[in-house]
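>>> Sequence and predicted structure below; questions after.
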Amino acid sequence: MLYKKYWAKGYVTEAYKAVIDELFRNGFTKIIAKHHVDNPASGRVMEKCAINFVGYDKSVAKWGSDELCDVKLYELLK
């Protein structure tokens, strides 16, 4: 988790791009990512990293509970 004073400064996007590069360099050919629909900032990070939106899912439990929540799914192919 990133402290609020560091939000919207590009740090997460930069880190995410580095992780993507490292995964592809280590033989991964597909990256799947998801975020809660109520967190559009995470979606913007994925868009900035050129990860493609592919649909919605409701099979993810909310943090700390068994209740399912809606998430947006993204993928990136090498």
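Cool, got the structure. Numbers count the residues shown, from 1 in each chain.
>>> what about this structure, any weak spots by pLDDT?
1 (pLDDT under 70).
>>> quick one: Ala50 is in a strand?
No - Ala50: not assigned to a strand; according to DSSP: H, G, I helix; E, B strand; the rest coil it is coil.
>>> so how far is Asp66 from the nearest residue to it once chain neighbours are set aside?
Using Cβ to Cβ, 6 or more residues apart in numbering and skipping residues adjacent in sequence, the residue nearest Ala50 is Leu76, 6.8 Å away. Glycine gets a C-beta too; all of them are placed from N, C-alpha and C. Counting by Cβ to Cβ, to the nearest Å, the separation of Leu76 from Asp66 is 30 Å.
>>> where along the chain do the strands fall?
30-36, 52-61, 68-77 (DSSP state E).
>>> which other helices and strands contact the second one?
For strand 52-61, the elements it packs on are strand 30-36, helix 40-48, strand 68-77, judged by 3 or more Cβ pairs under 8 Å, 6 or more residues apart in numbering; DSSP states H and E.
>>> mind giving me a markdown table with the strands of the chain and columns for mean neighbour count and distance to Asp21?
What follows is the strands of the chain, written out as a markdown table (neighbours: other Cβ atoms under 10 Å; distance: least, Cβ to Cβ, whole Å):
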| stretch | mean neighbour count | distance to Asp21 |
| --- | --- | --- |
| strand 30-36 | 15 | 11 |
| strand 52-61 | 11 | 17 |
| strand 68-77 | 16 | 11 |
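>>> what would those look like in a markdown table with distance to Lys4?
Compiled in a markdown table, the strands of the chain are given as follows (distance: least, Cβ to Cβ, whole Å):
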| stretch | distance to Lys4 |
| --- | --- |
| strand 30-36 | 17 |
| strand 52-61 | 24 |
| strand 68-77 | 22 |
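>>> wait, doesn't Phe24 sit right on Lys78?
Yes - contact criterion Cβ atoms under 8 Å: Phe24 and Lys78 qualify, at 5.0 Å.
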